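Colleague: fold the following.
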Amino acid sequence: GPSLQALCASPPLCPTGSLLLAVHFYSSPRAAPLIPSTALGVLLLILSALLAYAGIRRSLRNASLLVSLCLTLSVFWCGYGVTLVLVGQGVLSEPGDSRDALVPALATLTLALLLVAVVGFLCREPVLALVAAAMSLASAHEVALHYSSSLGPSAVACGHLVVCLVGGYFALGRILYFLTKGKVALPGTDLAEKKAQEQSRGSAGGTNPFTAPGLLLNMLSASVFCCRLLGVTHRLFLGHVPWLWAAGTYQIGICVLSYRAMDVLMATAFGFTSILQFAAGYCLLYPTWQPEEPSVPAPFLVVFSILFAVLALFLSLQSPVDGLYLLVFVTYCIALACSPRGFFAGGPQGVAVAIFVASAVVALIHLYNVRARAKIPMGKGAVKALLARSSLLKLREGPDLHAPYLGYSKYADAEVLAYACSVLASFALTTPGDPQAPLATVVIPWVVVAGGILKLLGGSVAFARGKTLESSAFILYAVMWIIWGLTRYGGLCGTARSFHAAVGIVAFMLFNSFIVFCSLFLNTAWFFYSLTFMLIAVSFLLDAIHALPTGYDIAATLIFGLVSFYCFLAALSSSTFEGCCLPMGGPVVQLSGVGAGATKCLHLPARKASSVKRIADILRNGGTCGIPTDTVYVLVAACNRPDAVEKAHRSKRQAQDRPMSLWISSLKQLEPAKHLFTPLLWDFMEAAWPSPISLVIPRGEWVDFLGMKDSAKYVGTPQSVAIRIPDCSVTTHLIDLVGPIVVTSANPTGEADTTHHNQVYAKLGDKVDAVLCGGPSPENIASTVVDCTKIDSGNIGFFRVGIIPKAQV
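Modeller: Residues are numbered from 1 along each chain as shown. Predicted coordinates:
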């Protein structure tokens, strides 16, 4: 259902790409092809980007097979497009180059789309299954075409033509449906019927829909080395680089999308595998400017295998099948470490065959579980039953599993990957060798990709989750790894590197000093993490001025790597188990008022009606909450809960000259006491509200109708009370559910108004029960407070002129 809906909502991208390829193969026997290779490659690159966007956009709403189909076709067209451009520009000019470059990817695409087609037929998505089957058949024919010219290119073109016909049929069905307003619907094109089936089938139960495409990408990268080992291709060369780097690039995207799907462990796994794919592509590219094959750093790969093993152990607690799958990559890293020729050796290529087979099997399981009612068991139930007997280990589950430190975030925590990148980058530097070798392989794939690009990703996600200091450090360190790696080992410094490089490193050290100082107030582990990175910066500086002592750089990187590894283990354990298995430590320096929001209170997005209902339940049960309004954020309590009113007064340290006020959602809530208000005052309230105008009115017997009892002394003064109806739908809906509420600004007395839910956490996070997160306030100015105590004598005054000017009042 959602997959068909995405095909309808976006341009018919699959038929468009297939039409281009059909024309290409029908015209290929001619002396001059109808579409030149370079032009066809560029068009396929454009379509691959659009196709990836179409699948991702729909998959963020619904888990479906479409994301697997779209991303698989997208990465194939991306690599195919680059290969065609290389052919068109004469880079792949040797006989057999085109075949050796295309066959591994075509074979992978055939199997991957066949898996999607089988699952599509089983899950009753015939249109999607037909498209996948036709594309799979066309790819199989193209593989045969490269080895036997007797088949002819027309067979390949026919497969792509079938995709065009299926796409045309679906487009015709949707056009008829809209023109006849739903009276005519061709079979398989009625989205309303499909949507009803999806709702009756139920949701995917928290399944990550991006796991299967990530596994199919592992098949693509592994197939390059499988074909070489099996003799299908004659050599590993430049033509395979587009496929490896396309798989790595898309896998970084899937890593981000897995964080969006709140799957930390699989996101980390895909980040790891993307590093291997970038490194493999670089090693195949390296011989184009250097005669020898590149060396692979053994210490790095041993550490990488340890990280894979630890991640596999924790992933086994979530999904034993996925955990066992990652063990294949442990073997792969060990095989690479034991082979001086690295990716060119037979041992790692043999393990690549195992990766290809394991990826296909596990991908089939994930594809089926995304859509099917009856799931294929992944072993999670057995693990939960086993851990239920243990009193020490308890898995973290529930809606607050990925609760951000501040505010509302659409992403899970990426700190595990960021710490792992620090480990990888630091141990890559321990490899002996000539640091002046241009573009040395020890740095480009390992330090720049691992320590730089992926740590930038981790810093961006940390920033989205409200971790300002952590994100700043990750991004700063990532920039340092990238700049230093490219310049120092890229031979870009030249003879003048001493002064210029030293100035840049000193500037970086000043920034890092500020991070070290701030980490004193965060926790002990972060203090040592930032402090030990300063040791690496010092080694960079000493090297720039030619004063580096022997062994200092190795010692500094080892110390930083070990501290990063501890942080990696601590982040993994805290995200997996309840309670802190490996402590990060408390703040080294604790000051009064610092870390006031360290105690996490419940945070709920204001855009959801269910969130407002939960806030209402908390208020009815005597809690206090921070909520957004039509002006700034406020702290509220229910009037009919005197204990909550007293709690709000204590948490604010309310000053006597800043009394709390009353809010209602409509004058009907004061209707029982209408006879206690003068007609002029009542008419003025009707005319002024809802708006950001607070009216200070005489205190009277009407206050007793609100049920505050003894806590009424905290509201207003003995002579008057401020009251208003806010001009905010979320706030008025909450008051409709709870009744009249007591309100005060969400900041300690004497401080500036709070204009974002993050500020509520920072100032009152340990004193409120929940915060309704609505982002930045619509206005940075508080309400206008009008004195109506003498309105019947024709006089009004102003205690505060806020967003509403005097003239309007």
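Colleague: buried residues of stretch 559-578, list them for me.
Modeller: Judged by neighbour count (16 or more other C-beta atoms under 10 Å), stretch 559-578 contains these buried residues: 559-561, 563-577. C-beta: built from backbone N, CA, C; applies to glycine.
Colleague: stretch 636-645 too?
Modeller: 636-642, 644-645.
Colleague: same thing with stretch 226-246?
Modeller: Buried residues in stretch 226-246 (16+ other C-beta under 10 Å): 226-229, 232-233, 236-246.
Colleague: what's the answer for stretch 138-156, then?
Modeller: Buried, per 16+ other C-beta under 10 Å, within stretch 138-156: 138-143, 145, 153, 155-156.
Colleague: for that stretch, what is the average pLDDT?
Modeller: Averaging pLDDT along stretch 138-156 gives 84.
Colleague: mind checking the end-to-end distance for it?
Modeller: 5 Å (C-alpha to C-alpha, to the nearest Å).
Colleague: just how off-centre is that stretch within its chain?
Modeller: Taking the mean of its C-alpha atoms, stretch 138-156 sits 41 Å from the chain's own mean (C-alpha atoms, centre = their mean, to the nearest Å).
Colleague: so who does A22 touch?
Modeller: By C-beta atoms under 8 Å, 6 or more residues apart in numbering, the residues touching A22 are 157, 160-161, 164.
Colleague: does it belong to a helix or a strand, and which?
Modeller: helix 13-27 (DSSP states H and E).
Colleague: repeat for V612
Modeller: V612 belongs to helix 609-620, assigned by DSSP H and E.
Colleague: can you spell out which helices and strands pack onto whatever helix or strand comes next after that helix?
Modeller: Sequence order places strand 625-627 as the next helix or strand after helix 609-620, per DSSP H and E. In this structure, strand 625-627 makes packing contacts with helix 609-620, strand 634-638, helix 729-738, helix 757-764, strand 770-773, judged by 3 or more C-beta pairs under 8 Å, 6 or more residues apart in numbering; DSSP states H and E.
Colleague: can you give the strand pairings for the second one, parallel or anti for each?
Modeller: The strands beside strand 634-638 in its sheet (DSSP bridges) come out as strand 625-627 (antiparallel), strand 741-745 (antiparallel).
Colleague: so which of those strands is the most packed in?
Modeller: With neighbours defined as mean count of other C-beta atoms under 10 Å, these peak in mean count at strand 625-627, which reaches a mean of 29.
Colleague: pull the contacting residues for the nearest residue to C625 once chain neighbours are set aside.
Modeller: In space, and not counting its chain neighbours, C625 is closest to A770: 4.7 Å by C-beta to C-beta, 6 or more residues apart in numbering. By C-beta under 8 Å, 6+ apart, A770 lies in contact with 601-604, 614-615, 618, 623, 625-626.
Colleague: out of these, flag the one nearest to L315.
Modeller: Using C-beta to C-beta, H603 comes nearest to L315 of those, at 27.5 Å.
Colleague: tell me the pLDDT at that closest one?
Modeller: pLDDT at H603 comes out at 79.
Colleague: are we agreed that it is in a strand?
Modeller: Yes - when DSSP: H, G, I helix; E, B strand; the rest coil is applied, H603 is found to be in a strand.
Colleague: thought H757 was touching it, still the case?
Modeller: Yes - using C-beta atoms under 8 Å, H603 is in contact with H757, at 7.3 Å.
Colleague: the two: who's more crowded?
Modeller: H757 (28 against 25; other C-beta atoms under 10 Å).
Colleague: tell me how far the nearest residue in space to the more buried one that is not next to it in sequence lies from C283.
Modeller: In space, H757 comes closest to C773 once its chain neighbours are excluded; the distance is 4.2 Å by C-beta to C-beta, 6+ apart. Separation of C773 from C283 (C-beta to C-beta, to the nearest Å) stands at 46 Å.
Colleague: ok, back up a step: count of residues packed around the residue nearest to H757?
Modeller: By other C-beta under 10 Å, 25 other residues sit near C773.
Colleague: look up how far A414 lies from it.
Modeller: 20 Å.
Colleague: mind listing the strands for the stretch 201-350 of the chain?
Modeller: Remark: no strands are assigned in the stretch 201-350 of the chain by DSSP state E, counting those that start in this stretch.
Colleague: give me the low-pLDDT residue ranges for the stretch 651-800 of the chain?
Modeller: For the stretch 651-800 of the chain, the stretches with pLDDT under 70 are 652-658, 749-750.
Colleague: which parts of it are strands?
Modeller: Going by DSSP E, counting those that start in this stretch, the stretch 651-800 of the chain shows strands at 661-663, 693-698, 720-724, 741-745, 770-773, 784-787, 797-800.
Colleague: want to throw those strands into CSV with distance to K410?
Modeller: Output for the strands of the stretch 651-800 of the chain, formatted as CSV (distance: least, C-beta to C-beta, whole Å):
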stretch, distance to K410
strand 661-663, 31
strand 693-698, 35
strand 720-724, 34
strand 741-745, 29
strand 770-773, 12
strand 784-787, 36
strand 797-800, 37
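Colleague: mind listing what L34 touches?
Modeller: The neighbours of L34, taking C-beta under 8 Å, 6+ apart as the test, are 23-24, 26-27.
Colleague: of those, closest to A298?
Modeller: Among the contacts of L34, and counting by C-beta to C-beta, the member closest to A298 is H24, at 45.0 Å.
Colleague: for that closest one, give its distance to A279.
Modeller: For H24, the distance to A279 - C-beta to C-beta - is 33 Å.
Colleague: more neighbours: the two, which one.
Modeller: A279 (27 against 22).
Colleague: per-residue pLDDT, the more buried one?
Modeller: pLDDT, A279: 88.
Colleague: that one contacts A428, correct?
Modeller: No - in this structure, A279 is not within contact of A428 by C-beta under 8 Å, at 10.3 Å.
Colleague: overlap in contacts, the two.
Modeller: W446.
Colleague: fine by me, we can end here.
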